[in-house]
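In: build me a structure from this.
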Amino acid sequence: MNPLTTCSSPADRPAKRQRRLSDDTCNDPNAEDISPASYSTAASNLPTTQLKQILRRNVNLALPALRLLDLYVVKSAESIRLEDERRQICESNESLEEETDTLLQCCNRQAVELEGRKRTVNAFHGHVMSALQNIDLPYYPIDRP
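Out: Have a look, this model is predicted:
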């Protein structure tokens with residue numbers, strides 16, 4: 001038998017998936033029909049309603065179903081938390097980029113202003129030195145203690 005084909009009866013299933021025939025609800029005349037055609041209202045088509053109906057018919061599935069539900073809830077909460085963190089990081093990144101641009105513009109303005117002041121000081125220094133060289137002042141040394 002090809003392992004990829006679906007098995008129609010419990011006896012045809014691989015040993016790992018076999019259920020005892022007494023546990024098989026398909027053979028139980030009192031079991032409710034769980035096919036989609038048996039649902040009468042839209043509310044009964046909700047996954048939680050379907051899950052409740054399945055678990056009422058087969059109690060052996062309750063513990064694995066609860067484990068899966070718990071895992072789903074944990075993973076969903078983790079996914080929501082991670083998405084919120086990602087959104088906050090993106091917002092922080094955008095804010096930091098704006099601040100970086102603002103600071104860069106400020107630094108560029110200050111660099112231009114500093115360069116202008118350097119030129120002014122150098123020009124003033126040149127004029128002072130020129131004026132001092134043209135003046136004939138007597139030199140008086142200062143004695144330091």
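In: pLDDT below threshold where in the protein?
Out: Residue ranges of the chain with pLDDT under 70: 1-46, 137-139, 144-145.
In: just the helices in it please.
Out: Ranges of helices within the chain are 47-57, 62-134, based on DSSP state H.
In: for Ile142, which of these is the nearest?
Out: Nearest to Ile142 among those is helix 62-134; the distance by Cβ to Cβ comes to 17.1 Å. (C-beta placed from N, C-alpha, C; glycine too.)
In: who are the packing partners of that closest one?
Out: helix 47-57 (3 or more Cβ pairs under 8 Å, 6 or more residues apart in numbering; DSSP states H and E).
In: the helix it packs on vs helix 62-134, what angle?
Out: 150 degrees (axes from the mean of the first three to the mean of the last three Cα atoms, to 10 degrees).
In: CA atoms of helix 47-57 as CSV?
Out: In CSV, the C-alpha atoms belonging to helix 47-57 read as follows (Å, rounded to 0.1, in the frame of the first residue of the first chain):
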residue,chain,number,x,y,z
PRO,A,47,-14.4,26.4,14.3
THR,A,48,-15.0,26.5,18.1
THR,A,49,-18.5,25.1,17.7
GLN,A,50,-17.2,22.4,15.4
LEU,A,51,-14.3,21.6,17.8
LYS,A,52,-16.8,21.3,20.7
GLN,A,53,-19.0,18.9,18.8
ILE,A,54,-16.0,16.7,17.8
LEU,A,55,-14.7,16.6,21.3
ARG,A,56,-18.1,15.6,22.7
ARG,A,57,-18.1,12.6,20.4
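In: Serialize the helices of the chain to CSV and add fields for mean neighbour count and distance to Tyr140.
Out: Formatted as CSV, these follow (neighbours: other Cβ atoms under 10 Å; distance: least, Cβ to Cβ, whole Å):
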stretch, mean neighbour count, distance to Tyr140
helix 47-57, 13, 103
helix 62-134, 10, 15
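In: a markdown table for those, including distance to Pro141?
Out: Listed next are the helices of the chain as a markdown table, based on distance: least, Cβ to Cβ, whole Å:
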| stretch | distance to Pro141 |
| --- | --- |
| helix 47-57 | 102 |
| helix 62-134 | 17 |
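In: appreciated, that's everything.
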